[in-house]
Structure formats: structure tokens, C-alpha cells
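**Student:** For reference, the sequence and a predicted model appear below.
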Amino acid sequence: MSAPTPPAGPGEEAFFGGERARGAAPPPPPLPRRESPLLARSPTFAVLALLVSGWLLHELAGDVAYYFSPRRPIDLGGPGAYALEKARENRLVQVRGDLVDLVGATVARTGLDRTVGRLGGTNLLVDRPGRGGPPIFEGRLLPAAARGDYAEVVAALRKRGAPLSDAWLVLRDGERPREQWLPVLGAALLAVLVAINLRALLKALTS
């Protein structure tokens, strides 16, 4: 017969099966959740970021819309049979004819030489690379918001006596859909920033 096990002395803990017989110490409380630096911002900052991102998205909207526009050009006709009433801004169009009142221009960002001329008998300006090539033009009919870039060219043409009304349009020859993808990428990133700051603003207003 084995000897009885003496009781645990003061300050001692009895063990059973490797576990503490007495209550174990409670687990430490979970660490507080740390907010992402992108979200831990003041409502004022979030509103400012929303305004800037929204304005930039508005500026890129035309380029993004043209990127996803149809690849089939709208035929605007040729000499003696122009169909400019079919013209749609920010769409791919094609037109035939000779350019008159040519003005040379240089793109500030790239340094590339361009030629801007008026399609004879119309208010349509054609912006094309260089000065040569057949009299067939296919490209983007710029939206009205982009016409300010050609204000100096139009002033020079009118100074030379070109009969341009206030309803002039610009065809940027060679610019086709699905080619300029950087505006689409920029718009996607801005949309993410808008979502992040909108979430931060709503959280600050409801907390």
C-alpha cells in the first residue's frame, strides 16, 4: 500500500494531468485594433482629398470615355458632300479633303511637331503630325472642353483671314480608342482614393 500524498503546502499549487488544478490566469486582453494611416485622418482632410480626387476624375472623364468608345469611325464625308452634322464629340471620326491655312505647332510636353489646318470650306480643324500624308484624316474629335488648347492657333488662323466661326471643332488625327491607357489607370487609382476617403469621412461623422 502506497503512502498517502501529503496535501499541498501553503503557496504551492496541486497539478493534475499536467494542468493546473486551480484556475489558470486569464489570457491577456486583445490589443486594440490599429487604424490604417490612410483611414486615420480628420474629416477636413478627407473632404479635401475627395474634392481634389473628384476634380481630377472629372478632368480624366473624357479620355476614359474615348478609350472605351467604338473603334468604327463616323464617316464625315468628303469635298462637296461633307456630313458634319454627324460629328460626335469625343468619338473616332474620318473625313477627307485638303487642308488650308496651315499653322505649325509644337507639343510642349513631347516637343513633337504638329500641323494644324482648316479643312477647306468647313469649321473643322485637323491636328496632325508633320506636314505630309494623304488628304484622309481619322482620329478623335476633341470635346469642347479641350478646345482651349488651340486658342492661339485659332487666333493665328483668323489673323490670316481664315473664316472660322465660334463653332469650330478639332480632329486630332491618328488618336484612336484603346491606345492611351494611362488616363484609365489614373482614373482607377483616383476611384480607390475616393472610396478610402469617403469611408474615412463616413466613419468620422458616425463615430
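**Tutor:** Received, thanks. This one's a predicted model, so the numbers in the text were calculated from it and none came from an experiment. Numbers count the residues shown, from 1 in each chain.
**Student:** C-alpha only now, for contacts and for neighbours.
**Tutor:** Will do.
**Student:** pretty sure residue 112 contacts residue 128?
**Tutor:** No: assessed by C-alpha atoms under 8 Å, residue 112 is found out of contact with residue 128, at 10.6 Å.
**Student:** of these two, who's got more company?
**Tutor:** residue 128 (23 against 11; other C-alpha atoms under 10 Å).
**Student:** what bridges to the more buried one?
**Tutor:** residue 115 (DSSP bridges).
**Student:** show me the contacts for it.
**Tutor:** 114, 115, 116, 172, 173, 174 (C-alpha atoms under 8 Å, 6 or more residues apart in numbering).
**Student:** between these, which is nearest residue 159?
**Tutor:** Comparing those against residue 159 with C-alpha to C-alpha places residue 116 closest, at 14.6 Å.
**Student:** From residue 47, how far out is the nearest residue to residue 113 once chain neighbours are set aside?
**Tutor:** Leaving aside its chain neighbours, residue 113 sits nearest to residue 106 (4.6 Å; criterion: C-alpha to C-alpha, 6 or more residues apart in numbering). As judged by C-alpha to C-alpha, to the nearest Å, residue 106 and residue 47 stand 39 Å apart.
**Student:** where along the protein do the strands fall?
**Tutor:** 15-16, 19-20, 74-75, 92-96, 99-106, 113-119, 124-129, 136-141, 169-173 (DSSP state E).
**Student:** Can you check which of those gets nearest to residue 184?
**Tutor:** strand 136-141 (16.6 Å).
**Student:** and the direction of that closest one versus that of strand 169-173, what angle?
**Tutor:** 110 degrees (axes from the mean of the first three to the mean of the last three C-alpha atoms, to 10 degrees).
**Student:** Distance of residue 60 relative to residue 87?
**Tutor:** 22 Å.
**Student:** try residue 126
**Tutor:** For residue 126 relative to residue 87 (C-alpha to C-alpha), the value is 14 Å.
**Student:** what about the two, which has more around it?
**Tutor:** Between residue 126 and residue 87, counting by other C-alpha under 10 Å, residue 126 is the more crowded of the two (26 against 16).
**Student:** Excluding chain neighbours, what is closest to that one?
**Tutor:** In space, residue 126 is closest to residue 171, 4.8 Å off (C-alpha to C-alpha, 6+ apart).
**Student:** With residue 87 instead?
**Tutor:** residue 76 (6.8 Å).
**Student:** quick one, what contacts the one you found?
**Tutor:** Applying C-alpha under 8 Å, 6+ apart, the residues near residue 76 are 82, 83, 84, 86, 87, 93, 94, 95, 96.
**Student:** Turn these into CSV, columns for distance to residue 164.
**Tutor:** Shown next, in CSV, are those (distance: C-alpha to C-alpha, whole Å):
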residue, distance to residue 164
82, 17
83, 18
84, 15
86, 19
87, 17
93, 20
94, 20
95, 18
96, 19
